[in-house]
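Colleague: from the sequence below, what's the structure:
(2 chains)
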Amino acid sequence: MRWCRKTLSVGAVVSLLLIVRCLSASACARPIEVDDAWEVQSSYLILKSSISTYVIDNDHECFELERAEFHGELKFFILNRFPEVPLKTGYVLIKSLRKFSVPSQKKKIKVSRGDGWFNDDGSPAIFIDDEPLSLSIQKWNEAHSSPGSPKQFKDRLGIDWHAYADESKSMPSSDDVDFWQIPDNFDAANGIVTNYLVRFGINTDPNHRSYPPFKVYLQNYVQRIELNLEANIGSLNDRQYVFQFK
Amino acid sequence: MPAPIRSSDTPQDRLSKLLPADVTAAFLSAKAGLDAFFHEHASWPVFWTFVTILLLCVPYFIYVSKIKNVFHIAFLLLSFVVFALSIAETDFINVLPEAWKILIKVAAIVLPFLWTFLISQIFLGALGSRVEQ
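Modeller: Model prediction:
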């Protein structure tokens, strides 16, 4: 009986510690760690480090991450399993606003484009990784003040970046110009905007998964990253996630 | 009654055989059920299941397994903790403070080896063979 009492006391102490931990939690959530991305059901965005796989769920808008764990880049993966979606091609447009603790580099806007996109003439568009643009934020916003085809945006931006998600010149990434606008409250002195185009063939087989990737660079002085997502798939559309680091 | 430990057994096999099958089966089946129901949100239910089984182990060992030796009960309880840690590592990480993450990851790898190949042998040597077949 004495052992029972001792064990119950240990249980009570553990419970107390857990309650204290819950109460002292910061405003930003710890992302849930999983053994394998396969088991994830409630979200479509995964973050991987060299030792862990995390779910970026839709219950939280802000996540706190351990900087040292990610070795300079956040590797995100879209969980491509959409048995209910009647489309063949999926795309996700991503606007990443990084805030640094020191003045950021001179070129404030960068672009990236994953595989699978198409040029105006139907040819496959090349992969672009973190290409800096010489445009100012004002010029970028002006370029995105009116709709246009990817070809027209090539002239406006000076780079062949906007593209079509489909070979038949449908689903241009330049369709929603409002999404690409950089907000007025963006701290241009200490920030960098990176714009991503991610495209993939939609997987409708519930017994299969694929993980289209994109990565966000995490320099030592990055304090905060805000990711804005727009997609042609409802569960990924119009999402915003904030990441803070310690 | 625990199953016989063989030299070809993995550390997890050995751990589960140190414990009564009812205890390991209860935790394994509960974890499988909770994972299937809650998916990535199963960590808290799994953790509380672990705590509940750990608490129930004491009367179970005393009244069902008829173990009277306090050190033997403590050894079996710690074996269960090591066993649970090795199979529910990520659940423990999600529930316990973040600062413990690396410690839990290392413990989940190292402790089963240490426990089954070293500590259990010391225990058996010190208290006599109650679990070895």
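
Colleague: burial of A:Ile126, as a residue count?
Modeller: Neighbour count for A:Ile126, taken as other Cβ atoms under 10 Å in any protein chain shown: 11. (Glycine included, C-beta is placed from N, CA and C.)

Colleague: on the three-state scheme, the residue minimising distance to the centre of chain B is what?
Modeller: With distances taken as Cα atoms, centre = their mean, the residue of chain B nearest its centroid is B:Phe80 (2.2 Å). In three-state terms, and counting by DSSP: H, G, I helix; E, B strand; the rest coil, B:Phe80 is helix.

Colleague: chain neighbours aside, what residue packs nearest to the closest residue to chain A within chain B?
Modeller: In chain B, the residue that lies nearest chain A is B:His39 (4.1 Å; Cβ to the nearest Cβ). Closest residue in space to B:His39, ignoring its immediate chain neighbours: A:Gln41 at 4.1 Å, by Cβ to Cβ, 6 or more residues apart in numbering or on different chains.

Colleague: just the pLDDT for the one you found.
Modeller: Confidence at A:Gln41, expressed as pLDDT, is 84.

Colleague: that one: neighbour count?
Modeller: Using other Cβ under 10 Å: A:Gln41 sits among 12 other residues.

Colleague: picking that back up, surely the residue nearest to the centre of chain B touches B:Pro20?
Modeller: No. B:Phe80 is beyond contact range of B:Pro20, at 9.6 Å (criterion: Cβ atoms under 8 Å).

Colleague: and the next element down the chain from the one helix or strand B:Ile104 maps to?
Modeller: If you go by DSSP states H and E, B:Ile104 is part of helix B:101-114. Under the assignment DSSP H and E, the closest C-terminal helix or strand after helix B:101-114 is helix B:120-127.

Colleague: give me the neighbour count for A:Ser52.
Modeller: 18.

Colleague: so what's it up against?
Modeller: Contacts for A:Ser52 (Cβ atoms under 8 Å, 6 or more residues apart in numbering or on different chains) come out as A:Glu33, A:Glu69, B:Ile93.

Colleague: turn those residues into TSV, including distance to B:Ala84, secondary structure and pLDDT.
Modeller: Converted to TSV, the contacts of A:Ser52 look like this (distance: Cβ to Cβ, whole Å; DSSP: H, G, I helix; E, B strand; the rest coil; pLDDT from 0 to 100):
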residue	distance to B:Ala84	secondary structure	pLDDT
A:Glu33	17	strand	94
A:Glu69	25	helix	91
B:Ile93	13	helix	95
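
Colleague: of these, keep whichever come out buried.
Modeller: Buried by 16 or more other Cβ atoms under 10 Å in any protein chain shown: A:Glu33, B:Ile93, out of these.

Colleague: for the chain, what spans make up the helices?
Modeller: In the absence of a named chain, chain A is used. A:2-23, A:137-143, A:150-157, A:177-180 (DSSP state H).

Colleague: um, chain B though
Modeller: B:11-18, B:21-38, B:43-59, B:70-87, B:89-95, B:101-114, B:120-127.

Colleague: wait, which of those helices is closest to A:Tyr241?
Modeller: helix B:89-95 (18.6 Å; Cβ to Cβ).

Colleague: returning to that earlier point: which single one of the contacts of A:Ser52 is nearest to A:Leu87?
Modeller: Using Cβ to Cβ, those come closest to A:Leu87 at A:Glu33, 31.1 Å.

Colleague: that closest one reaches A:Thr53, doesn't it?
Modeller: Yes. Look at A:Glu33 against A:Thr53 with Cβ under 8 Å: they come within range, at 6.8 Å.

Colleague: quick one: low-confidence ranges for the chain?
Modeller: I'll assume chain A. For chain A, applying pLDDT under 70 flags the ranges A:1-26.

Colleague: I was after chain B.
Modeller: For chain B, the ranges with pLDDT under 70 are B:1-7, B:11-12, B:14-17, B:127-133.

Colleague: quick one: contacts for the nearest residue to A:Leu229 once chain neighbours are set aside?
Modeller: Nearest residue to A:Leu229, sequence neighbours excluded (Cβ to Cβ, 6+ apart): A:Arg239, at 4.2 Å. Counting by Cβ under 8 Å, 6+ apart, A:Arg239 touches A:Leu45, A:Asn58, A:Leu227, A:Asn228, A:Leu229.

Colleague: thanks again, I'm all set now.
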